[in-house]
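Visitor: Provided below for reference: sequence and predicted model.
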2 protein chains.
Amino acid sequence: MQKQHLLKQLHHLGAIKYGDFTLKSGAKSSIYIDLRVLVSYPETLREISLALWEKVSALKFDHLCGVPYTALPIATCMSIDNKKPMLMRRKEAKSHGTKQLIEGHFQPQQHCLIIEDVITTAGSVMETIKDLADADLKTTAVAVIVDREQGGKQTLEQAGYQVFSLFTLSELTAWGKTA
Amino acid sequence: MQKQHLLKQLHHLGAIKYGDFTLKSGAKSSIYIDLRVLVSYPETLREISLALWEKVSALKFDHLCGVPYTALPIATCMSIDNKKPMLMRRKEAKSHGTKQLIEGHFQPQQHCLIIEDVITTAGSVMETIKDLADADLKTTAVAVIVDREQGGKQTLEQAGYQVFSLFTLSELTAWGKTA
C-alpha cells in the first residue's frame, strides 16, 4: 500500500518514466529511472528515506554511508531522522590537506550500512565497499531504492553483503502496466 | 545563548579546535575549523541547520543549493525540515549521460540560496554562483556557518549577493578565550 503510494509519487514527479529508452550502456529499457530529481521534492525524499529505513532498522551497524551523489541526501535524511551517524565518501580524493576519502569520525572495524539509489551491476557500491575497507571499516549491508535486477544483488551477496531494496525493476514494470 | 550552546558542541566534537595551526594556504591560525565531522553527529547537524535556517527564513528563494561536499548534508537537513526544494551542484561534470552540473527540477530565472560551511575568500561559492548562472539560475543570497572574515563576504557583497553567517571567526576567537 505504502509502496504503491510511493511509486505513484515517483512517477508523478518524473523519477520513473515508462516508454522506450536507450540506457547509457546502450541497452534498451521500457523504464527510465532518475532519482536525482528527488532533491526537488523533500517530502517525497523523506518518505522514501523512511521506507528504506524500515527495511534496515533491525540491522546492527555504526554508520550510514551514502554513495555520492544521488544517495547522499537520502542517507542524510535517514541519519538525521533516526539520529544515526553518517560517513561521507568523497567521489575523488581531495587535492589538498588530508587525503582521506571517508569523512566523519569513526573507529577501526566499525560497521557501515551503504545507501545507494539504484544498483545495476553494483559497481559504485563495490567501489564504496573498497574505500571503506581501505579506511579499515566493514560493510554490513547495502540498502538501495531500486534494484535493476541486472546482477548487482548477486555480486554483492556473493561477496558476503546482504542487500535490501525498496523496489525491484520487476515491481516497477508490473506497476507501470496497472498505472 | 543558542550560539554559545552550539559553539560548545562544535568544540566538544572537534569541529573547532584552538591551538597553533598552519592552514593549507600556509598562513598561521589559532583556530582550526573542520565541519566535515558534523555528519557523525546528526543531532548537532540538525541544530546547526535549524540555526542557519532562522537566519534566512524570511528571504524569498525557490531552491536551496549546497556547495559540495560539507554543506550538502546541511542543505539537505534545511530542505527536508522546511519542505524547501534543493538543487545539487555536482563538483565535476558527469562523464556520461546528461552533462548537467545542477541536478533537480527547476525553471529558468528561479532564485537560489547557496549554503556553504566556511567562507574564506569565497572561491567555491563564486564557482557555484557561476554554475547556477550557466544553468540560467539566479543566486539570491549565501548562507554560511562560519565566515573566516578574510574577504569572502566583501567579494560576494560587491558582486551583489547578501551573505548571512551563523558565526564569524572573531566570535569563535572570543569564545575560545572564555571556554
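Guide: Sure thing, it's come through. Numbers count the residues shown, from 1 in each chain, chains lettered A, B, ... in the order given.
Visitor: quick one: low-confidence ranges for chain A?
Guide: A:1, A:92-99 (pLDDT under 70).
Visitor: let me know the secondary structure of the residue positioned nearest the centre of it.
Guide: Compute the mean C-alpha point of chain A, and by Cα atoms, centre = their mean the closest residue is residue A:116, 1.5 Å away. Reducing the assignment at residue A:116 to three states with DSSP: H, G, I helix; E, B strand; the rest coil gives strand.
Visitor: so what sits opposite it in the bridge?
Guide: Beta-bridge pairing of residue A:116 under DSSP bridges involves residue A:144.
Visitor: quick check: it touching residue A:125?
Guide: Yes: if you go by Cβ atoms under 8 Å, residue A:116 and residue A:125 touch, sitting 5.3 Å apart. From N, CA and C alone the C-beta is placed, and that goes for glycine too.
Visitor: quickly list what's touching both of the two.
Guide: Listed as contacting both residue A:116 and residue A:125 by Cβ atoms under 8 Å, 6 or more residues apart in numbering or on different chains are A:67, A:142, A:144.
Visitor: for the last one, what are its contacts?
Guide: Residue A:144 makes contact with A:115, A:116, A:117, A:118, A:119, A:125, A:163, A:164, A:165, A:166 under the criterion Cβ under 8 Å, 6+ apart.
Visitor: same thing with the first one?
Guide: The neighbours of residue A:67, taking Cβ under 8 Å, 6+ apart as the test, are A:89, A:114, A:115, A:116, A:117, A:124, A:125, A:128.
Visitor: can you rerun that using 7 Å?
Guide: A:89, A:114, A:115, A:116, A:124, A:125, A:128 (Cβ atoms under 7 Å, 6 or more residues apart in numbering or on different chains).
Visitor: out of those, which is nearest to chain B?
Guide: residue A:89 (9.4 Å; Cβ to the nearest Cβ).
Visitor: and the closest one, how many neighbours?
Guide: Neighbour count for residue A:89, taken as other Cβ atoms under 10 Å in any protein chain shown: 27.
Visitor: so it bridges to which residues?
Guide: residue A:102.
Visitor: from memory it sits against residue A:130, does it?
Guide: No: if you go by Cβ atoms under 7 Å, residue A:89 and residue A:130 don't touch, sitting 10.2 Å apart.
Visitor: one step back: the contacts of residue A:67 into CSV, with extra columns for distance to residue B:152?
Guide: As requested, the contacts of residue A:67 are exported to CSV (distance: Cβ to Cβ, whole Å):
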residue, distance to residue B:152
A:89, 28
A:114, 35
A:115, 33
A:116, 35
A:124, 34
A:125, 37
A:128, 33
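Visitor: of the residues you listed, keep whichever come out buried.
Guide: A:89, A:114, A:115, A:116, A:124, A:125, A:128 (16 or more other Cβ atoms under 10 Å in any protein chain shown).
Visitor: tell me which of the residues you listed is nearest to residue A:155?
Guide: residue A:125 (8.7 Å; Cβ to Cβ).
Visitor: who are the packing partners of the strand or helix carrying the closest one?
Guide: In this structure, residue A:125 sits in helix A:123-134 according to DSSP states H and E. Packing contacts for helix A:123-134, counted by 3 or more Cβ pairs under 7 Å, 6 or more residues apart in numbering or on different chains; DSSP states H and E, involve strand A:111-119, strand A:138-147.
Visitor: buried residues in the last one?
Guide: Right, the one you point to is strand A:138-147. Residues of strand A:138-147 classed as buried by neighbour count (16+ other Cβ under 10 Å): A:139, A:140, A:141, A:142, A:143, A:144, A:145, A:146, A:147.
Visitor: distance of the first one relative to residue A:87?
Guide: When Cβ to Cβ, to the nearest Å is the yardstick, residue A:139 and residue A:87 sit 11 Å from each other.
Visitor: between these two, what contacts are shared?
Guide: With Cβ under 7 Å, 6+ apart, residue A:139 and residue A:87 have common neighbours residue A:112.
Visitor: quick check: phi and psi on residue A:43?
Guide: Torsion angles at residue A:43 (phi, psi; degrees, to the nearest 10) stand at phi -70, psi -40.
Visitor: tell me, how many residues neighbour it?
Guide: 10.
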